[in-house]
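1. Below are the sequence and a predicted model for it; my questions follow.
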Amino acid sequence: MRPLSISKQITKREAPSLTMYLNDISRIPMITENEEVDLAVRIRQGDTKALERLVSANLRFVVSVAKQYQSRGLNLHDLINEGNVGLVRAASKFDETRGFKFISYAVWWIRQGIIQALAEKSRMVRLPLNKINVINKINKATSQFEQNNERVPTAEEITELIDFSLSEIQICLNLSSWAISMDEPLNAGDGDLNMYDTMSSQEFGRPEEKLIKDSLQLEIDGILEILSYREAFVIKMYFGIGTDDSMGMEEIAFHLDLTTERVRQIKTRALNRLRNSSKIDFLKEYLE
């Protein structure tokens, strides 16, 4: 994919408490790869100080990820908090023997924490109160079922636990957008195979690239909605967005039955529209 460089300032003046926090974490020393491995080993042995050290050394990265999700309903302070929760979970689960850097593993947990918080806020704002009530009851019943049976219940089994119809429960299950853990087995017949193992295969290449690309694909599509169909097509093909390979101007021109110069004009106009869009803030790090 060609590097799509669209730079725009996204950091606004923050409250004093947040500014102090950012100043504090900027002074935390970074760690080397060897230190990272040593800390991971100590964490598995129950060393809480090692956990604290690994987490604190990566707090700045959480801030950079959180900034991509501003203006979505949560302020930057809350986004950072949610990302930090994901960072702690990642540090607790990290296995250095898999051969990946910690941050390559942690980025998924950080984004998951932030995205789940944003989704929860969005659902609570938009859903009728009666749906929220059903979802809360489903969550409680599911938690109790999992403790007793060590598996997630089916929709039919949930109907036996709470007094709602099957159709009502299925609707609410779809609304609640259940999250899948990276370490949760993908299928009952796959043994210990989980999403992390699948991402490690050669089919997906470097796992951090796959994780970041997947988590941002919806945002990219949303931003390109401001373009016309032809503009979006040119941008996607030229930069290889959502495709295996990028195309040259001549190839795009052939597909659109246009001259190369006309395609170049469309690309220039589209990029100018993207640069002037407030939505581009969310993809600053991805596009640079």
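-> Received it, and whenever you're ready, just let me know what you need.
2. now the end-to-end length of stretch 156-171.
-> Chord length of stretch 156-171, first to last residue, is 13 Å (C-alpha to C-alpha, to the nearest Å).
3. Any buried residues in it, and which?
-> Of all the residues in stretch 156-171, those buried under the rule 16 or more other C-beta atoms under 10 Å are 158, 159, 161, 164, 168, 169, 171. For glycine as for every other residue, the C-beta is placed from the backbone atoms N, C-alpha and C.
4. Stretch 79-96 too?
-> For stretch 79-96, using 16+ other C-beta under 10 Å, the buried residues are 79-91, 93-94, 96.
5. from those, which single one is nearest residue 259?
-> residue 79 (45.3 Å; C-beta to C-beta).
6. Next, count neighbours for the residue nearest to that closest one when sequence neighbours are not counted.
-> Using C-beta to C-beta, 6 or more residues apart in numbering and skipping the chain neighbours, the partner closest in space to residue 79 is residue 66 (3.9 Å). Counted by other C-beta atoms under 10 Å, the residues lying close to residue 66 total 24.
7. and residue 56, what does it touch?
-> By C-beta atoms under 8 Å, 6 or more residues apart in numbering, the contact list for residue 56 reads 25, 28.
8. how about a cut-off of 10 Å?
-> Neighbouring residues of residue 56 by C-beta atoms under 10 Å, 6 or more residues apart in numbering: 24, 25, 28, 29, 31, 87, 91.
9. Distance-wise, check the residue lying closest to residue 112 once chain neighbours are set aside relative to residue 119.
-> Nearest residue to residue 112, sequence neighbours excluded (C-beta to C-beta, 6+ apart): residue 86, at 5.8 Å. The gap separating residue 86 from residue 119 is 14 Å, by C-beta to C-beta, to the nearest Å.
10. Mind putting the buried residues of stretch 156-171 into CSV with distance to residue 105, pLDDT and secondary structure?
-> Listed next are the buried residues of stretch 156-171 as CSV, based on distance: C-beta to C-beta, whole Å; pLDDT from 0 to 100; DSSP: H, G, I helix; E, B strand; the rest coil:
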residue, distance to residue 105, pLDDT, secondary structure
158, 33, 89, helix
159, 38, 88, helix
161, 35, 89, helix
164, 38, 81, coil
168, 38, 77, helix
169, 34, 81, helix
171, 35, 72, helix
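11. Farthest pair within these?
-> Maximum distance among the buried residues of stretch 156-171 (C-beta to C-beta): 16.7 Å, for 161 and 171.
12. From the buried residues of stretch 79-96, pick the one nearest residue 270.
-> residue 79 (29.2 Å).
13. Which elements pack onto the strand or helix carrying that closest one?
-> According to DSSP states H and E, residue 79 maps onto helix 76-93. On a contact count with 3 or more C-beta pairs under 10 Å, 6 or more residues apart in numbering; DSSP states H and E, helix 76-93 meets helix 16-26, helix 33-44, helix 48-56, helix 59-66, helix 102-126.
14. tell me which residues of the last one are tucked away?
-> Pointing back at helix 102-126 there. For helix 102-126, using 16+ other C-beta under 10 Å, the buried residues are 102-115, 117-118.
15. Check the third one too.
-> Neighbour counts over helix 48-56 (16+ other C-beta under 10 Å) mark 50, 51, 53, 54, 55, 56 as buried.
16. Also compute the angle for that helix relative to helix 102-126, please.
-> Interaxial angle, helix 48-56 versus helix 102-126 (axes from the mean of the first three to the mean of the last three C-alpha atoms, to 10 degrees): 70 degrees.
17. Could I get the average pLDDT for helix 48-56?
-> The pLDDT scores in helix 48-56 average 94.
18. How about the longest one?
-> Per-region confidence: helix 102-126 scores 75 on mean pLDDT.
19. Following it in sequence, what is the next regular element?
-> For helix 102-126, the succeeding helix or strand toward the C-terminus, using DSSP H and E, is helix 129-149.
20. What angle do helix 102-126 and that following helix make with each other?
-> Using the same axes, to 10 degrees: helix 129-149 against helix 102-126 is 140 degrees.
21. Can you spell out which helices and strands pack onto helix 129-149?
-> Applying 3+ C-beta pairs under 10 Å, 6+ apart, we find helix 129-149 packed against helix 102-126, helix 155-161, helix 166-176.
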